[in-house]
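> got a predicted structure here, sequence first:
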Amino acid sequence: EDQVTQSPEALRLQEGESSSLNCSYTVSGLRGLFWYRQDPGKGPEFLFTLYSAGEEKEKERLKATLTKKESFLHITAPKPEDSATYLCAVQTYSGGGADGLTFGKGTHLIIQP
Amino acid sequence: DSGVTQTPKHLITATGQRVTLRCSPRSGDLSVYWYQQSLDQGLQFLIQYYNGEERAKGNILERFSAQQFPDLHSELNLSSLELGDSALYFCASSVGPTTYEQYFGPGTRLTVT
């Protein structure tokens, strides 16, 4: 069974204090790893897709990286508007077709001014 | 705004009742996915449709069913509702069955009393 574990569960940072969120996964065959941002009561907002170990993607203050066992979401000089829950998800090969994503429980990030 | 629309935003109903949630995918997307998000389980994949046909099933209960219509909108039917079915229900869409990025709608909050 595919498993996705995110750590820490919650993280409180000061504005400008850089940090990293971790997503470790155990899957039979990784098709892709996804990062989403979710604000309270809203739908997840797509951030990145990573397909193979060594791949990196950046968007504003966020940078996602992927190894064979885990992914990191690095947040550089965060601002209060970066406060949200960050979700990691995997999609695996299962006989063709795109199946649903398996999500981790998320990291609740709070950036204090 | 992801381009995925869901109605209604909120739904309050009693145990034993039946409800229908509606989703319209982004323009051009052929795949629709349904997810359930509860506090204890996190985001869980329920079912996927592609161009009107069921494509993949996740943790969907037998009391739940879905369909995708010729105009590509989808409906999720929940019957014999229990208190534990109270959750946020999200619809997501993607271009095709093997396209990986899924874009989520704003969700329907279901409360069963």
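Perfect, thanks for sending it. On a predicted model such as this, the values are computed, not experimentally measured, just so you know. Numbering: from 1, shown residues only, chains lettered A, B, ... in the order given.

> what helix or strand does residue 91 sit in?
The chain I'm using is chain A. Per DSSP states H and E: A:Q91 is located in strand A:84-92.

> not quite, go with chain B.
For B:C91, the element it lies in under DSSP H and E is strand B:87-94.

> average pLDDT for that strand?
Averaging pLDDT along strand B:87-94 yields 96.

> against which helices or strands is the following helix or strand past it packed?
Next helix or strand after strand B:87-94 toward the C-terminus (DSSP H and E): strand B:103-104. Contact here means 3 or more Cβ pairs under 8 Å, 6 or more residues apart in numbering or on different chains; DSSP states H and E; on that basis strand B:103-104 packs against strand A:45-50, strand B:87-94. No exception for glycine: its C-beta is placed from N, CA and C like everyone else's.

> can the strand holding B:C91 be said to contact chain A?
Yes. Shown here: strand B:87-94 in contact with chain A (Cβ under 8 Å from any Cβ of the partner chain) through B:L88, B:F90, B:A92, B:S94.

> so what's the closest residue to B:S38 other than its chain neighbours up against?
With Cβ to Cβ, 6 or more residues apart in numbering or on different chains as the criterion, B:S38 has its nearest non-adjacent residue at 4.2 Å, and that residue is B:A87. B:A87 makes contacts with B:Q36, B:Q37, B:S38, B:R109, B:L110, as judged by Cβ atoms under 8 Å, 6 or more residues apart in numbering or on different chains.

> can you list the buried residues in the strand holding A:Q91?
Buried residues in strand A:84-92, counted by 16 or more other Cβ atoms under 10 Å in any protein chain shown: A:A84, A:T85, A:Y86, A:L87, A:C88, A:A89, A:V90, A:Q91.

> one step back: filter the contacts of B:A87 down to the buried ones.
For these, buried by 16+ other Cβ under 10 Å: B:Q36, B:Q37, B:R109, B:L110.

> ok, and of those, which contact chain A?
By Cβ under 8 Å from any Cβ, the members of the buried ones among the contacts of B:A87 lying near chain A are B:R109.

> ok, the buried ones among the contacts of B:A87 vs chain A, which is closest?
Distances from chain A to the buried ones among the contacts of B:A87, taken as Cβ to the nearest Cβ, are shortest for B:R109 (7.6 Å).

> what comes up buried for the lowest-mean-pLDDT helix or strand in chain B?
Within chain B, confidence by mean pLDDT, DSSP states H and E is lowest for strand B:53-57 among all helices and strands, at a mean of 90. Buried residues in strand B:53-57, defined by neighbour count with 16+ other Cβ under 10 Å: B:R55, B:A56.
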